Structure formats: structure tokens, C-alpha cells
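Student: What shape does this take:
(one chain, ligands or ions: 4)
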Amino acid sequence: MVSLRTLIPLFLGGSTLCAASVRTPHEKIAPKVFIVSMFQPEAEAWWNIPEFNLLAHNISVPGLSPLYPEVHCTENHEICQLITGESEINAATTVTSVAFSPLFDLSQTYVFIAGIAGVNPKRVTLGSVTFARYAVQVALQYEIDIRELPSSYSTGYIPLGSDYPDQYPTSIYGTEVFEVNADLRSIAAGFALQANLSDSSAAKAYRAHYATESGEYKAATLAPGVVECDVATSDVYYSGNILGNAFENTTKLFTNGTGDYCASAQEDSATLEALLRSSAKKLTDFSRIIVMRTASDFDRPHPGEATTENLLYADAGGFEPAVENIYRAGILVVEGILKGWDSTFASGVKPRNYIGDIFGTLGGEPDFGPGRTQSLAGSGAFKKRNAGAGLGRRS
Ligand SMILES: *[C@@H]1O[C@H](CO)[C@@H](O)[C@H](O)[C@H]1NC(C)=O
Ligand SMILES: *[C@@H]1O[C@H](CO)[C@@H](O)[C@H](O)[C@H]1NC(C)=O
Ligand SMILES: *[C@@H]1O[C@H](CO)[C@@H](O)[C@H](O)[C@H]1NC(C)=O
Ligand SMILES: *[C@@H]1O[C@H](CO)[C@@H](O)[C@H](O)[C@H]1NC(C)=O
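Tutor: Ligands and ions are numbered 1, 2, ... in the order given. Okay, the predicted model is just below:
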């Protein structure tokens with residue numbers, strides 16, 4: 001463990017003019033790439049590799065997870081890694097703590113979310129590497145247990161402030177959708193395309209079960225590849241055809257038809273809200289975020305299989321290749337950024353798409369949602385359809 005005491009020589013080393021202060025911007029740790037891992041296996045994918053040693057500096061940062069209290073950095077601090085801990089609360093708290101920490105200058109840093117995910121077999125197969133433009137908080141909705149639901153509803157999830165699953169939410173919380181830099185995403189996917197992706201014989205056998213007459217799951221039957229498609233965030237680790245389809249619909253609805261649901265994880269929207277807030281204060285740059293998820297399992301069973309079998313018992317064989325491919329694809333992204341630093345990445349990849357949240361917090365008009373003005377109006381606590389009944393949300 002290395003804490004502030006060990007950092008002081010570093011600060012002083014770079015500071016002959018301002019020896020009185022160890023906190024001038026110049027002396028902060030300013031990594032070019034900050035890898036965001038969510039739990040131990042994703043973190044370890046980057047350790048003991050030939051390209052760099054992330055364990056050269058272990059830096060305690062107040063506010064990090066009790067399980068993962070340290071940020072890891074290479075010797076020259078060009079590459080760092082944080083481990084959020086799993087689920088939305090851990091991700092938001094950890095990333096907020098790092099993004100607002102006085103130890104770092106992250107204004108030029110590329111934040112590289114690199115984790116595993118459950119995937120939609122309509123779009124992706126086990127071992128594949130996905131890069132998202134949208135992260136959608138799909139379970140930010142009303143939920144009625146299916147056993148108490150009128151038969152006219154296709155799902156028990158109903159957008160907040162709405163009456164039916166296919167209506168845009170009118171009660172807006174601000175974390176429904178995040179959109180990141182689509183050009184940067186394509187550049188990162190291009191780097192990853194050069195990777196020789198790992199696979200397993202168990203994954204090969206399991207994905208073969210997704211072959212159907214209709215070809216609905218053709219993508220699931222192919223060898224691992226690189227796909228540009230979007231990620232859902234939910235604390236609930238959902239599984240099955242009905243929820244998979246329901247949240248695919250939610251992704252389309254919340255993004256006004258653009259979002260392409262392929263991956264499901266428990267943190268990305270939370271990480272992005274923290275980065276949105278720090279970017280609003282110019283502590284981070286929201287145009288420098290890459291969201292990569294590798295496929296460890298399918299979000300729904302193959303034809304003829306019970307949902308519980310796919311979720312709980314089957315050996316899908318995707319976990320090991322998914323973790324390995326975080327490294328195999330991710331290392332090319334990290335190296336691509338470092339090699340192209342002077343030519344491209346120092347000055348940044350200017351986004352041509354809207355980036356940010358539903359409120360337009362970072363400027364610009366969102367290409368999803370009801371627009372800045374209406375979203376802010378919809379962020380009030382009242383349920384539109386029944387305002388007289390009182391508060392429409394629990395808080
Ligand atoms: C940093 O922590 C890791 C374990 O998390 C350890 O293996 C490594 O030796 C530590 N590095 C230093 C420089 O103490
Ligand atoms: C992938 O494998 C091919 C053939 O072995 C090799 O030429 C290439 O360098 C490998 N690519 C990477 C990124 O390791
Ligand atoms: C998803 O949307 C389609 C088209 O509106 C609808 O037919 C289907 O029932 C929806 N699925 C779920 C699970 O809500
Ligand atoms: C998105 O869809 C909603 C609901 O149909 C609509 O009110 C809103 O104007 C659309 N937003 C954009 C940016 O197209």
C-alpha cells in the first residue's frame with residue numbers, strides 16, 4: 001500500500017518552483033488511461049501482463065470500496081486502474097471518490113470501463129467484445145409482479161410517470177440514459193478488432209444450442225467478435241426471454257429508437273453519472289469515455305432450455321474467455337491511445353453525436369428524451385397522471 005507519504009517525493013520531484021505546495025495541478029497524477037474494473041477477476045485480467053505493471057503504485061483514496069480501497073497505477077502513472085465493487089451504489093461511490101479526488105488531474109484522461117456482461121443472443125455471442133454508445137438504466141421503472149398484472153401488459157415494468165410499458169417516462173430522474181462519444185467508440189472498436197479473441201470448447205458447445213430455424217439467434221452461434229451495441233444497467237441480475245425482450249424495448253424507448261441492447265451489467269450508468277457530474281466541473285472530460293463489455297453469459301436461455309438452467313446451472317463456458325478478452329481486446333485499446341497520444345488523443349476526439357444525460361447537463365440538446373426543458377420539468381416529484389394523489393416517487 002502506498003499512500004500520500006510515498007507520493008510526496010513524486011510531487012516534490014515535479015515541483016521545483018512551487019515547493020510550498022504539493023497540490024498544484026501540475027503535480028497531480030494525470031493518467032492517460034484510467035481502467036475501470038468492477039470486481040477482482042476483471043481487475044486481475046490486467047495484472048501480471050508483459051505490457052505494463054499496474055501494481056507499481058497502490059494509492060489509497062478516501063471513499064473507495066472496503067473490498068478495493070486502492071487505485072493501482074503503473075510506475076510512470078500513465079495508466080491507472082480503479083475497482084468499483086459491484087452494482088450501482090458501489091460504482092457511483094467509487095467513481096465519484098476518484099473523480100473528485102485532489103490526488104488526480106483527470107481532465108485529459110481516457111476513462112476505459114472494461115468489464116464482463118450478460119449478452120443478448122440476438123446480437124452477440126459468448127466471448128465477444130462490445131462497445132456501447134448508450135448506457136440505459138433499464139430497471140428505473142415501476143414494477144408490478146407479473147402475477148398481479150392485467151393480461152394486456154407484456155411486462156411488469158412500466159416507465160415512471162407512465163401508464164404503459166411503451167410510453168416514454170414523464171417522471172425524469174436524470175440517469176435514464178447516458179450517451180458517450182460515438183467516434184471514440186468506433187476508434188476503440190477498431191483497435192479491438194485486431195485482437196485474437198479467446199474462446200473455450202464449453203462456449204463453442206453452448207452457443208451451438210442457439211441455432212434455430214428462424215435464425216433469430218444467429219449472432220449467438222458465431223465465433224467471438226467485436227460489436228458496437230449498447231449496454232443496460234440494472235442492480236437486479238435479470239434473466240430470461242421476457243425480461244430480455246422487455247429491457248430491449250426499454251432501451252429502444254428511452255433512446256428514441258437508436259439504442260441497440262446487447263449487454264447487461266450492474267454498474268455503467270452509475271459510473272457515467274459520476275463522470276457526468278465531474279465533467280460538468282471540468283474535472284473529467286465526458287468525451288473521453290469508452291464503455292467495453294465482454295460477453296460471459298447469455299441473458300436468456302436457448303430454445304428448449306429452462307431459464308433457471310441457463311441462469312443457475314448450465315456451464316456456458318463464457319466466463320474465462322470474457323475475462324481473458326478484457327485483456328486481449330483492452331490492451332489494444334490502451335496501447336492505441338498511448339501510441340496515438342501526440343497525434344490524436346492528447347487533443348481529443350471531438351464527438352459528432354450528442355454526449356451526456358437526458359437534461360443536457362454538459363450542453364447541447366439530447367437526441368433522446370423529451371428535451372432539456374421538458375426533462376427538467378419532468379424531474380419534479382409529482383406523478384403526472386394523478387398529481388393530486390401526492391408524491392409519485394419514494395424518496
Ligand atoms: C499492490 O497491491 C497488490 C495486491 O493488490 C500487490 O500484489 C502489489 O505488490 C502491491 N504493490 C506494491 C508496490 O506494494
Ligand atoms: C493474432 O494472430 C496472428 C496470427 O498468429 C498474428 O499475426 C497477430 O499478430 C496476432 N494479433 C495480435 C494483436 O496479437
Ligand atoms: C416489446 O415490444 C414489442 C413491440 O412493441 C411487443 O410486441 C412486445 O410484447 C414487447 N415485449 C415485452 C416483453 O414487453
Ligand atoms: C423521444 O420520444 C418522445 C416520446 O415519443 C418524444 O416526446 C420526444 O420528443 C422524442 N425526443 C427526440 C429527441 O426525438
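
Student: Could I get the phi/psi values of the residue positioned nearest the centre of the chain?
Tutor: In the chain, the residue lying closest to the centroid (Cα atoms, centre = their mean) is Asp268, at 2.9 Å. Dihedral pair for Asp268: phi -60, psi -40, per degrees, to the nearest 10.

Student: Any figure for the gap between it and ligand 1?
Tutor: 24 Å (Cβ to the nearest ligand atom, to the nearest Å). C-betas here are computed from N, CA, C, even on glycine.

Student: How about Ser379?
Tutor: From Ser379 to ligand 1 the distance is 41 Å (Cβ to the nearest ligand atom).

Student: show me the contacts for that residue.
Tutor: Going by Cβ atoms under 8 Å, 6 or more residues apart in numbering, Ser379 touches Ser171, Ile172, Tyr173, Gly174, Phe359.

Student: what's the answer for Ser101, then?
Tutor: Val61, Pro62, Gly63.

Student: where does the closest residue to the second one other than its chain neighbours land on pLDDT?
Tutor: Meaning Pro62. Spatial nearest neighbour of Pro62, chain neighbours left out: Ser97 (6.5 Å); criterion: Cβ to Cβ, 6 or more residues apart in numbering. You'll see Ser97 listed with a pLDDT of 98.

Student: before we move on, what about Glu27?
Tutor: Looking at Glu27, its pLDDT reads 88.

Student: That one: neighbouring residues, count only.
Tutor: 20 (other Cβ atoms under 10 Å).

Student: Pro50 and Gly259: what is the separation?
Tutor: In this structure, Pro50 and Gly259 are 37 Å apart, going by Cβ to Cβ, to the nearest Å.

Student: One more: Gly85?
Tutor: Shown here: Gly85 relative to Gly259, a distance of 26 Å by Cβ to Cβ.

Student: now His302
Tutor: Distance of His302 to Gly259, given as Cβ to Cβ: 24 Å.

Student: So between those two, which is more surrounded?
Tutor: Ranked by neighbour count (other Cβ under 10 Å), His302 and Gly259 place Gly259 first, with 26 against 21.

Student: didn't that one look like it was pressed against Val136?
Tutor: Yes: taking Cβ atoms under 8 Å as the definition, Gly259 is a contact partner of Val136 at 5.9 Å.

Student: List the residues that are in contact with both of these two.
Tutor: In contact with both Gly259 and Val136: Val177, Asp230, Thr251, using Cβ under 8 Å, 6+ apart.

Student: List the buried residues in stretch 66-74.
Tutor: Of all the residues in stretch 66-74, those buried under the rule 16 or more other Cβ atoms under 10 Å are Tyr68, Pro69, Glu70, Val71, His72, Cys73, Thr74.

Student: before we move on, the earlier item: which ones are touching the residue nearest to Pro62?
Tutor: Ser97 makes contact with Val61, Pro62, Gly63, Leu64 under the criterion Cβ under 8 Å, 6+ apart.

Student: And these, which of them are buried?
Tutor: Buried members of the contacts of Ser97, counted by 16+ other Cβ under 10 Å: Val61, Leu64.

Student: farthest pair in the contacts of Ser97?
Tutor: By the measure Cβ to Cβ, Pro62 and Leu64 form the most distant pair in the contacts of Ser97, at 7.4 Å.

Student: quick revisit: and the buried residues of stretch 66-74 near ligand 2, which?
Tutor: Among these, no residue lies close to ligand 2 (Cβ under 6 Å from any ligand atom).

Student: Next, give me the two most distant ones among the residues you listed.
Tutor: Greatest spatial distance among the buried residues of stretch 66-74 (Cβ to Cβ): Pro69 and Thr74, at 18.9 Å.

Student: Domain map for this protein?
Tutor: Following automatic domain parsing, one finds the domains of the chain at 1-28, 31-389.

Student: Tell me which of those approaches ligand 4 most closely.
Tutor: domain 31-389 (3.8 Å; Cβ to the nearest ligand atom).

Student: just how off-centre is the closest one within its chain?
Tutor: How far domain 31-389 lies from its chain's middle: 3 Å, per Cα atoms, centre = their mean, to the nearest Å.

Student: how close does Val138 get to Ser269?
Tutor: According to Cβ to Cβ, Val138 and Ser269 sit 9 Å apart.

Student: Report the set of residues contacting both of the two.
Tutor: Residues touching both Val138 and Ser269 (Cβ under 8 Å, 6+ apart): Thr233.

Student: Can you list the low-confidence ranges for the chain?
Tutor: For the chain, the stretches flagged by pLDDT under 70 are 1-26, 381-395.

Student: Kindly report the residues of it close to ligand 2.
Tutor: Residues of the chain lying near ligand 2 by Cβ under 6 Å from any ligand atom: Gln194, Ala195, Asn196.

Student: Show me which of the residues you listed are buried.
Tutor: For these, a burial check counting by 16+ other Cβ under 10 Å picks out Ala195.

Student: Enumerate every residue touching Glu44.
Tutor: Contacts for Glu44 (Cβ under 8 Å, 6+ apart) come out as Val323.

Student: swap the cut-off to 10 Å and go again
Tutor: Counting by Cβ atoms under 10 Å, 6 or more residues apart in numbering, Glu44 makes contact with Ser37, Ile83, Val323, Ile326, Tyr327.

Student: Ala346 contacts Ala30, doesn't it?
Tutor: No: contact between Ala346 and Ala30 fails when scored by Cβ atoms under 10 Å: they sit 11.3 Å apart.

Student: of the two, who's got more company?
Tutor: Under the criterion of other Cβ under 10 Å, the comparison of Ala346 against Ala30 puts Ala30 first, with 16 against 11.

Student: Compute the number of surrounding residues for the closest residue to the more buried one other than its chain neighbours.
Tutor: Excluding its sequence neighbours, the residue lying closest to Ala30 (Cβ to Cβ, 6+ apart) is Asp105, at 4.2 Å. Number of residues near Asp105 (other Cβ under 10 Å) recorded here: 17.
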